[in-house]
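> Turn this into a model:
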Amino acid sequence: MPAPLGKTPTRKMPKIDVLGLKGSQSTRAAVRFFRERRIVVRFVDLGKTPIDPADLRRFLDKLGAAALTDPDTASNRGGLVALIRADPGLLRLPLVRYGDDVTAGPAEPTWTAWLARSNRGAG
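All right, here's what the predicted structure looks like:
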């Protein structure tokens, strides 16, 4: 198990945001993925703080409504933003952002590629 991390990211450390629910197994797995690699992430608990509409638009524009929501959710784009802000459990969690890149749901291969790209730039 890696040593505990401080709260202050260093210059070489990529800025990664994880948005999800504290009780979500996939959200906890995403935070653990980065923590095991000694990356400090900014975690936003959507159960306490609703997702910012601009952030939600960014995810919707990059991934589309079908990739962002659970398959059981009606993909009515017009009311989708209000629905998601009211009930973040409709989302495929976790939502992870690294710069302009975003993912919805567990995406360890993509996160690994981000970290590899980050290490090449620091190097």
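> Report the residue spans of this structure with pLDDT below the cut-off.
Applying pLDDT under 70 to the chain flags residues 1-13, 70-78, 120-123.
> Now do the helices in it.
Assigned by DSSP state H, the helices in the chain fall at 25-36, 53-63, 65-68, 77-86, 108-122.
> Just give me how far stretch 27-42 sits from the chain centre.
11 Å (Cα atoms, centre = their mean, to the nearest Å).
> For the residue positioned nearest the centre of the chain, name its beta-bridge partners.
Residue closest to the average C-alpha location in the chain (Cα atoms, centre = their mean): V96, at 1.8 Å. Beta-bridge pairing of V96 under DSSP bridges involves V18, T103.
> Contact partners for it?
Residues in contact with V96 (Cβ atoms under 8 Å, 6 or more residues apart in numbering) are 16-19, 30, 102-103, 107, 111. For glycine as for every other residue, the C-beta is placed from the backbone atoms N, C-alpha and C.
> Rebuild the residues you listed as a markdown table, extending it with distance to R58 and neighbour count.
Compiled in a markdown table, the contacts of V96 are given as follows (distance: Cβ to Cβ, whole Å; neighbours: other Cβ atoms under 10 Å):
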| residue | distance to R58 | neighbour count |
| --- | --- | --- |
| I16 | 15 | 24 |
| D17 | 11 | 15 |
| V18 | 15 | 20 |
| L19 | 11 | 26 |
| A30 | 18 | 27 |
| V102 | 7 | 22 |
| T103 | 12 | 22 |
| A107 | 16 | 17 |
| W111 | 18 | 20 |
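> From those residues, pick the one nearest L46.
L46 lies nearest to L19 out of the contacts of V96, by Cβ to Cβ, at 5.9 Å.
> The closest one and L63, how far apart?
Distance from L19 to L63, counting by Cβ to Cβ, to the nearest Å: 13 Å.
> Then G20?
G20 is 15 Å from L63, by Cβ to Cβ.
> Repeat that for V40.
For V40 relative to L63 (Cβ to Cβ), the value is 25 Å.
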